[in-house]
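Asker: Here is a sequence with its predicted model. Questions after.
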Amino acid sequence: MKRMKVSQLLVETPGQEVIAKGWVRTKRGNKNVNFIALNDGSTIKNIQVVCETARFEEELLKQITTGSSLCVRGELVASQGSGQAVEIQAREIQIYGTADPEAYPLQKKGHSMEFLREIAHLRPRTNTFGAVLRIRHAMAFAIHKFFNDKGFVYIHTPLITASDAEGAGAMFQVTTLDVANPPRNEDGSINYTEDFFGKHTSLTVSGQLEGEMGATALGEIYTFGPTFRAENSNTPRHLAEFWMIEPEMAFYEIEDNMDLAEEFIKYLVQYALDHCMDDLQFLNDMFDKELIERLRSVTSTDFVRLTYTEGVDILMKSGVKFEYPVFWGADLQSEHERYLVEKHFGKPVILTDYPKDIKAFYMKQNEDGKTVRGMDVLFPKIGEIIGGSQREESLEKLQNRIQELQMDTRGLEWYLDSRRFGTVPHSGFGLGFERLLLFVTGMANIRDVIPFPRTPKNAEF
C-alpha cells in the first residue's frame with residue numbers, strides 16, 4: 001500500500017486503510033488517547049492522527065514530539081471533532097526521526113519574522129513559510145504557462161556577463177585571480193587578460209540585452225532566472241540575489257507592451273486566487289486582513305495609464321509633504337508611487353514617458369527630445385512592480401545616447417548589431433519575482449518570500 005499525501009487524504013472517502021507520512025506539528029491528549037497533527041508540506045492543513053494509548057508502547061508515544069517525523073498506518077474515519085472531515089485511527093506508528101523539545105526551535109508558539117530569518121533552514125516547516133513557498137511555486141508555474149500558451153519561447157540568458165545592462169555599476173565581480181596578489185599591467189591596473197574569461201566579468205543584473213537578441217530572431221521570448229545587484233540596500237524591498245521575469249517582443253510598441261504587462265499580472269493574481277486559496281486564506285487571516293480583497297480588486301479593474309508628467313503634476317498639487325521632494329525630473333520614490341496608486345486613484349497605475357535622464361540608455365526616445373517610452377506598473381503596498389519600455393531601434397539614436405552617457409561601447413558592439421541588421425520596433429519589461437510575491441502573499445518583507453535571502457552582510461545557509 002502506497003503513502004497518500006495529506007492533501008489527498010483530506011478529500012478521501014472514510015473507511016479505507018491508509019498510510020500517512022509527515023512531521024508532527026502538535027500533540028495533545030490524555031492518558032487514554034493522543035491527538036497528533038501531522039503535516040507533510042502538501043497543504044497548509046494537517047491530518048489528525050488519533051492514537052489510543054493502550055495500543056502503543058509508552059516509550060514510543062513519548063518520542064512523538066513537535067518536529068519529529070512519522071509513518072502512520074491506520075483507518076481513515078469520519079472525524080468526531082470539528083475542524084476536519086476525516087482523521088486517521090492509528091494502528092501502527094513508525095518514528096523516522098525524533099526532535100528534542102529542548103533543542104527544536106519551532107515549538108507551538110508564535111515566532112517573530114526576525115527570529116525565523118535566523119533559522120531559515122527550518123522556517124519552511126512553519127505554516128507561514130509553507131504557504132509562501134507553495135504560492136511561490138504556483139506563481140513560477142503560472143509564469144511559464146502564461147508565456148507558453150501565448151507562443152513565447154523561453155530562453156536562458158547568461159548569469160556571467162561582461163556588460164552592465166542597467167548602467168548602474170552595482171555588480172558582483174566574477175574572477176579566479178588571486179585577489180591578494182592579482183596580475184597587474186604596467187600602469188598598476190589589474191590585468192584581466194589573465195583571468196578565467198580573459199576580461200572583467202560580473203554576475204548579471206538583467207538578461208534583457210541578450211533577450212532582445214532572442215526577440216529579434218524568435219519574435220517573442222522571455223527569460224526567468226536569478227539576477228544580482230551589489231547595492232548596499234538594507235530595506236524590506238531589496239535583495240542582492242533575486243529572480244526576474246523578462247519578456248522581450250519584436251514588433252511591440254509601448255501600447256502593446258502595457259497591454260501585455262497588465263494581462264500578465266492579472267493572469268498571475270487570478271491563478272493564485274484559483275489555485276492557492278487555502279494558503280491565501282491563512283495569510284489573509286494571520287497577516288493581512290485585506291489581502292484577498294486586494295487581489296480580487298486587481299483582477300477586476302482596468303489599470304490607470306498616465307504620463308510621468310501628469311503623475312508629477314498630481315503629486316505636486318496633492319499638498320502632501322513627502323520625505324523626498326517632487327519635481328519634474330525627479331526619480332519617483334515608493335512613497336510617491338504608492339500615493340498615486342493608493343490615495344489618488346485607488347487602483348494600479350501604469351506611468352509612461354519618463355525623463356530620459358533618469359532612464360536607461362536603450363529606451364526609445366520621444367519626439368520631444370526630453371522623454372523616453374518607458375513604463376512602470378505601480379501597485380498598492382509595493383510601488384513599482386514592473387519596469388519596461390519600448391526599446392530604441394534606431395542605431396544612430398542609440399549610438400548618440402551611448403556617447404552622451406560616455407559609456408564604453410567595446411562590450412556593446414554585439415548589441416548594436418541588432419540595430420544594424422534588420423532592426424524593428426520592439427519592447428519588453430522586467431517583473432521582479434519577489435516583488436510579485438510580496439503583493440500576492442501580503443508579506444511585509446522581501447526576505448520572507450524567498451527561501452534563503454541574500455542581503456548585505458548575510459549569506460547564511
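Answerer: Happy to help now that I have it.

Asker: quick one, strands of the stretch 101-250 of the chain?
Answerer: For the stretch 101-250 of the chain, applying DSSP state E, counting those that start in this stretch gives strands covering 153-154, 160-161, 173-174, 201-203, 220-228, 241-250.

Asker: Need the pLDDT of the residue lying closest to K31 once chain neighbours are set aside.
Answerer: Computed as Cβ to Cβ, 6 or more residues apart in numbering, the closest residue to K31 that is not its neighbour in sequence is T53, at 6.3 Å. (Glycine included, C-beta is placed from N, CA and C.) At T53, the model reports a pLDDT of 96.

Asker: Please state the mean pLDDT value computed over stretch 146-165.
Answerer: Across stretch 146-165, the average pLDDT comes to 93.

Asker: I should have written stretch 67-76 there, sorry.
Answerer: 98.

Asker: And the contacts of that stretch?
Answerer: Counting by Cβ atoms under 8 Å, 6 or more residues apart in numbering, the neighbours of stretch 67-76 from elsewhere in the structure are 1, 3, 9, 12-24, 36, 38, 49, 64, 86-99, 104, 106, 125.

Asker: got the strands of the stretch 101-250 of the chain as TSV, with mean neighbour count and distance to A272 columns?
Answerer: Output for those, formatted as TSV (neighbours: other Cβ atoms under 10 Å; distance: least, Cβ to Cβ, whole Å):
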stretch	mean neighbour count	distance to A272
strand 153-154	14	21
strand 160-161	16	32
strand 173-174	16	35
strand 201-203	19	30
strand 220-228	21	17
strand 241-250	23	15
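
Asker: quick one, which of these is nearest to V320?
Answerer: strand 241-250 (30.3 Å; Cβ to Cβ).

Asker: got the CA coordinates for the closest one in CSV?
Answerer: These are the backbone C-alpha positions of strand 241-250, laid out as CSV (Å, rounded to 0.1, in the frame of the first residue of the first chain):
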residue,chain,number,x,y,z
GLU,A,241,20.0,37.9,-5.3
PHE,A,242,16.5,37.8,-6.7
TRP,A,243,14.6,36.3,-9.7
MET,A,244,13.4,38.3,-12.7
ILE,A,245,10.9,37.6,-15.5
GLU,A,246,11.9,39.5,-18.6
PRO,A,247,9.8,39.2,-21.8
GLU,A,248,11.0,40.8,-25.0
MET,A,249,8.8,41.2,-28.0
ALA,A,250,9.6,42.1,-31.6
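
Asker: elements contacting the helix or strand following that strand?
Answerer: On the C-terminal side of strand 241-250, the closest following helix or strand by DSSP states H and E is helix 254-275. Packing contacts for helix 254-275, counted by 3 or more Cβ pairs under 8 Å, 6 or more residues apart in numbering; DSSP states H and E, involve helix 127-149, strand 241-250, helix 291-299, strand 349-355, strand 371-379, strand 383-391, strand 426-432, helix 433-441.

Asker: ok, now which ones touch A138?
Answerer: A138 is in contact with Y271, A272, H275, C276, counting by Cβ under 8 Å, 6+ apart.

Asker: ok, back up a step: can you say which of the contacts of stretch 67-76 are buried?
Answerer: Listed as buried from the contacts of stretch 67-76 are 9, 18-24, 36, 38, 49, 64, 86-90, 93, 99, 106, 125; burial here means 16 or more other Cβ atoms under 10 Å.

Asker: Out of these, which sit inside helices?
Answerer: Within the buried ones among the contacts of stretch 67-76, residues falling in helices by DSSP state H are L9.

Asker: Give me the subset of the buried ones among the contacts of stretch 67-76 lying in strands.
Answerer: Among the buried ones among the contacts of stretch 67-76, the residues falling in strands (DSSP state E) are 18-24, 36, 38, 49, 86-90, 93.

Asker: Among the residues you listed, find me the one that's closest to R296.
Answerer: V86 (30.5 Å).

Asker: Please tell me how far the closest one sits from D40.
Answerer: Per Cβ to Cβ, to the nearest Å, V86 is found 15 Å from D40.

Asker: which SS state does L332 fall under?
Answerer: Assigned with DSSP: H, G, I helix; E, B strand; the rest coil, L332 falls in the coil class.

Asker: Can you give me every residue that contacts it?
Answerer: Residues near L332 by Cβ under 8 Å, 6+ apart: Y308, G311, V312, L315, V326, L351.

Asker: So which of the residues you listed belong to strands?
Answerer: Among these, the residues falling in strands (DSSP E) are L351.

Asker: Can you redo the contacts of L332 as a markdown table, where the extra columns are distance to K381 and neighbour count?
Answerer: Formatted as a markdown table, the contacts of L332 follow (distance: Cβ to Cβ, whole Å; neighbours: other Cβ atoms under 10 Å):
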| residue | distance to K381 | neighbour count |
| --- | --- | --- |
| Y308 | 21 | 23 |
| G311 | 18 | 25 |
| V312 | 22 | 20 |
| L315 | 18 | 21 |
| V326 | 20 | 20 |
| L351 | 17 | 24 |
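
Asker: and the contacts of L332 as JSON lines, adding pLDDT?
Answerer: Compiled in JSON lines, the contacts of L332 are given as follows (pLDDT from 0 to 100):
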{"residue": "Y308", "pLDDT": "98"}
{"residue": "G311", "pLDDT": "98"}
{"residue": "V312", "pLDDT": "98"}
{"residue": "L315", "pLDDT": "97"}
{"residue": "V326", "pLDDT": "96"}
{"residue": "L351", "pLDDT": "98"}
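
Asker: Pull the most distant pair out of the contacts of L332.
Answerer: Spanning the widest gap among those are V326 and L351, at 13.1 Å by Cβ to Cβ.

Asker: May I see the strands of the stretch 101-250 of the chain arranged in TSV, with distance to L116 as well?
Answerer: Shown next, in TSV, are the strands of the stretch 101-250 of the chain (distance: least, Cβ to Cβ, whole Å):
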stretch	distance to L116
strand 153-154	33
strand 160-161	33
strand 173-174	32
strand 201-203	27
strand 220-228	23
strand 241-250	19
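
Asker: Nearest to Q403 among those strands would be which one?
Answerer: In this view, the strands of the stretch 101-250 of the chain are compared for proximity to Q403 by Cβ to Cβ, and strand 160-161 is the closest at 22.1 Å.

Asker: Just confirm V77 is within a strand.
Answerer: Yes - the assignment for V77 by three-state DSSP puts it in a strand.

Asker: Now do the same contact list for it.
Answerer: With contact set as Cβ under 8 Å, 6+ apart, V77 has these partners: P14, G15, V86, E87, I88, Q89.

Asker: OK, contacts around the residue lying farthest from the centre of the chain?
Answerer: Here the chain reaches farthest from its C-alpha mean at A54, the gap being 49.0 Å by Cα atoms, centre = their mean. Contact analysis of A54 by Cβ under 8 Å, 6+ apart lists N32.
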